[in-house]
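S.K.: Next input, structure requested:
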Amino acid sequence: MTGRVELFSTGVAVLLLLTILELVRQRRLLERYAILWLLSAFVLLGFALWKGLLDRVAAIMGIAYPPTALFVIAGGFVLVLLLHFSAAVSRLADQSKVLAQRNALLEERMRRVELANEARGRSESGGAEAAEIAVSAEEREAAESGRVTPIRRRSTGR
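M.R.: Model prediction:
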């Protein structure tokens, strides 16, 4: 590589490294996701600083043109990042489904408590409609104590 290309690639690698560290510092990128990005920035910096490294890696991989080896390595990092983020998205989707189910249960319990309170208010005032709204003592007790029945998560092998 010529001096200009080495200087430019080193500058890009250092800029990427500083950007990742700044995003982590500002809490815009979580540390667990930053690890893969930091690893890729260090590999890029290693290729930029060590002149013969890319040639050696290309020769080990059996690739005649060293910049092609760089693209193969970059593609590998992209695949690892995509796999990591797909696992994270899957976990978040599962968690949001459980939260939506819990929210629906809580809304139903609140509705039942409101109906029970309404029925209790009618019966105290002598209304005949109180008998129409039947809420079991167990449900009323659970709603008043704030207990929530846990939702059983499907087994994911984790």
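S.K.: so where does L45 fall, helix or strand?
M.R.: Secondary structure from DSSP states H and E places L45 in helix 31-49.
S.K.: Report all helices and strands that that helix contacts.
M.R.: If you count contacts as 3 or more CB pairs under 8 Å, 6 or more residues apart in numbering; DSSP states H and E, helix 31-49 packs onto helix 3-25, helix 53-61, helix 66-124. Every residue, glycine included, has its C-beta placed from N, CA and C.
S.K.: Below-threshold pLDDT in this structure: ranges please.
M.R.: Along the chain, the parts satisfying pLDDT under 70 run over 1-2, 125-158.
S.K.: center of it, which residue is that?
M.R.: Residue closest to the average C-alpha location in the chain (CA atoms, centre = their mean): A88, at 4.3 Å.
S.K.: Now do the contacts for it.
M.R.: Y33 (CB atoms under 8 Å, 6 or more residues apart in numbering).
S.K.: how near is it to S123?
M.R.: Using CB to CB, to the nearest Å, A88 is found at 52 Å from S123.
S.K.: Equivalent analysis for T68, please.
M.R.: Counting by CB to CB, the gap from T68 to S123 is 82 Å.
S.K.: ditto for R28
M.R.: In terms of CB to CB, R28 sits 56 Å off from S123.
S.K.: These two: who's more crowded?
M.R.: S123 (14 against 8; other CB atoms under 10 Å).
S.K.: Just want the angle from the helix holding L45 to helix 3-25.
M.R.: With axes from the mean of the first three to the mean of the last three CA atoms, to 10 degrees as the basis, helix 31-49 and helix 3-25 are set at 170 degrees to each other.
S.K.: can you give me the angle helix 31-49 makes with helix 66-124?
M.R.: Using the same axes, to 10 degrees: helix 31-49 against helix 66-124 is 170 degrees.
S.K.: For helix 31-49, list every residue counted as buried.
M.R.: Buried positions in helix 31-49, judged by neighbour count with 16 or more other CB atoms under 10 Å: Y33, L36, W37, L38, S40, A41, V43, L44, L45, F47, A48.
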